[in-house]
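# Quick one, what's the 3D model for this:
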Amino acid sequence: MTDVPPGRSPPPASRRGAIIGLVAAVALVLVGLLVVHILGDAGRLQDCALSGRTNCAPVDGGSTHDP
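The predicted model follows:
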């Protein structure tokens, strides 16, 4: 450990490593959620197709006609 002269406080510890670790953990969680969502959609589409249906494509909920 470094000797600190009397009357002086030790320098504050850097939290850069902890912040980088936190950002990395959050990024991994977000990527994991994205992968789960994508694989879930693909699984539902495969289940639909393997059950013999022909209208398995997702339907767009937006209106396509002008009033």
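# What mean pLDDT does the helix or strand where Val36 lies get?
Using DSSP states H and E, Val36 falls within helix 16-50. The predicted model assigns helix 16-50 a mean pLDDT of 94.
# And the residue nearest the centre of the protein?
Leu30 (0.8 Å; Cα atoms, centre = their mean).
# got the contact list for it?
Under the criterion of Cβ atoms under 8 Å, 6 or more residues apart in numbering, Leu30 has no neighbours. From N, CA and C alone the C-beta is placed, and that goes for glycine too.
# So what's the gap between the helix holding Val36 and the chain middle?
5 Å (Cα atoms, centre = their mean, to the nearest Å).
# Can you give me the buried ones in that helix?
Judged by neighbour count (16 or more other Cβ atoms under 10 Å), helix 16-50 contains no buried residues.
# I'd like the numbering to begin with 649 instead of 1 from here.
Okay, using 649 as the starting number, the last item reads as helix 664-698.
# I'd like to know how far Leu678 sits from Leu687.
From Leu678 over to Leu687 the distance is 15 Å, taken as Cβ to Cβ, to the nearest Å.
# State the distance from Gly665 to Ala697.
48 Å.
# hang on, I meant Ala673
36 Å.
# got it, and Leu681?
In terms of Cβ to Cβ, Leu681 sits 25 Å off from Ala697.
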